[in-house]
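Undergrad: here's my sequence, what's the structure:
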Amino acid sequence: MNLSLEIIFYIAVAIAAHVLVYIFVTKKKQKSIFGRHVVVTGGSKGIGLYIAVECAMKGANITLIARDEKMLKGAVVLLEVLRQSPEQKFNYKTLDISQSYEKIAECLADIEKEFGHIYMLVNCAGMAICGVFEEVSVEDSRKLMEINYFGTYNCTRYVLPKMKAAGEGIIVITASQAALFGIYGYGAYTASKYALRGMAETIAMESRHLGVSVTLALPADTNTPGFENEEKTKPKETKLISGSGGLAQPDDVAKRIVNDALKGSFISIMGFESWLVTLLCGGMLPWGGFFQNILHALVLGPLRIVGCFLQWHFGRIIRNCAKEKTD
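TA: Numbering: from 1, shown residues only. As a prediction, this is how the structure comes out:
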């Protein structure tokens, strides 16, 4: 009887500890961006547009950057509808962020002259081209790196020293769950997203003590125009592996990214599967505080078995698809 009561007591304590950790993490106070200048690359559609919507509803002044001027104009009209105060400013700049650093710096300098210091930079522009590694052209592989990595690098490279000097600022780097482990058919794309993960971790380490916070967004498959285009070149194996987690909605993903960034969280993910993969593949990521890391340490051992099963499952999908091709 006493033993049963002791077991019940320990279970109750464990549950209470988990609840307290959850409350502590989710209730962390957010920074205010009311009246602050937010720049969103890739802000004319998809996750970037919905991030701009979230920021507009929080009273921020917003500059959208993308290549399609027609879509940018439409996005600004939408932001005007969501205006929270007469003083709010909404603007756009047409720019290909894969251009040289000098052109990016010139554009961002012009933006600052018009709207003031950039307090928050959201790097959301990107693209995906799928295919077995040797079948993706060298030109497309280079294009992915120039847009996904160097586009983010160029914009971040410009604002970072200014944020450090000001002693404040927020940088969001939008990568992908593909930044955590290599996936069949995502070779060149995964490489560009791994590069973003490494850049985000480095910048966070270099800038945290100077008042600049970095958030690495790791969204899974999301229902955006980019995803629709990605599906056109995605091998069957890739669809079966990446599609198991379902399809997130861009407004939900955007809301999570903005909330995590304003809380100063380094990692931004949504859903159990993303949590599982991120925990398994990101052992050294600066994820959460002391109590959350203790919780992770307790569950990582058993989850390693889950990781082995997932790798076996992915391998089985690939073998079955290969068999279908030879039959």
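
Undergrad: for the residue nearest the centre of the chain, list each beta-bridge partner.
TA: Per CA atoms, centre = their mean, the C-alpha nearest to the average position across the chain is that of residue 217, at 1.9 Å. On the basis of DSSP bridges, residue 217 is bridged to residue 174, residue 268.

Undergrad: mind listing the helices for the chain?
TA: Using DSSP state H, the helices of the chain run over residues 2-26, 46-57, 69-81, 101-115, 138-144, 151-166, 187-207, 225-231, 236-242, 250-263, 272-281, 290-326.

Undergrad: pull out the buried positions in the last one.
TA: By 16 or more other CB atoms under 10 Å, the buried positions in helix 290-326 come out as 295-296, 307, 310, 314, 317-318, 321. Every C-beta, even on glycine, is put in place using the N, C-alpha and C of the backbone.

Undergrad: among those residues, which one lies nearest to residue 272?
TA: residue 310 (13.2 Å; CB to CB).

Undergrad: per-residue confidence for that closest one?
TA: For residue 310, the pLDDT comes out at 87.

Undergrad: residues contacting it?
TA: Counting by CB atoms under 8 Å, 6 or more residues apart in numbering, residue 310 touches no other residue.

Undergrad: against residue 277, how distant is it?
TA: 8 Å (CB to CB, to the nearest Å).

Undergrad: related to what we said a few turns ago, just name the most buried of the helices of the chain.
TA: helix 46-57 (a mean of 25; mean count of other CB atoms under 10 Å).

Undergrad: name the helices or strands packed onto it?
TA: Judged by 3 or more CB pairs under 8 Å, 6 or more residues apart in numbering; DSSP states H and E, helix 46-57 is in contact with strand 37-41, strand 61-66, helix 69-81, strand 120-123, helix 250-263.

Undergrad: what's it in contact with?
TA: Contacts for helix 46-57 (CB under 8 Å, 6+ apart): 33, 38, 40-43, 62, 64, 66, 75, 78-79, 82-84, 88, 90, 120, 122, 124-125, 172, 174, 219, 222, 224-226, 250-251, 253-255, 257-258.

Undergrad: quick one: mean pLDDT over it.
TA: Here the average pLDDT along helix 46-57 is 97.

Undergrad: tilt between it and strand 61-66?
TA: Here helix 46-57 runs at an angle of 170 degrees relative to strand 61-66 (axes from the mean of the first three to the mean of the last three CA atoms, to 10 degrees).

Undergrad: the nearest residue to residue 145 once chain neighbours are set aside and residue 162, how far apart?
TA: Excluding the flanking residues, the one nearest residue 145 by CB to CB, 6 or more residues apart in numbering is residue 192, at 5.0 Å. Distance of residue 192 to residue 162, given as CB to CB: 26 Å.

Undergrad: before I go, just wanted to say thanks for your time.
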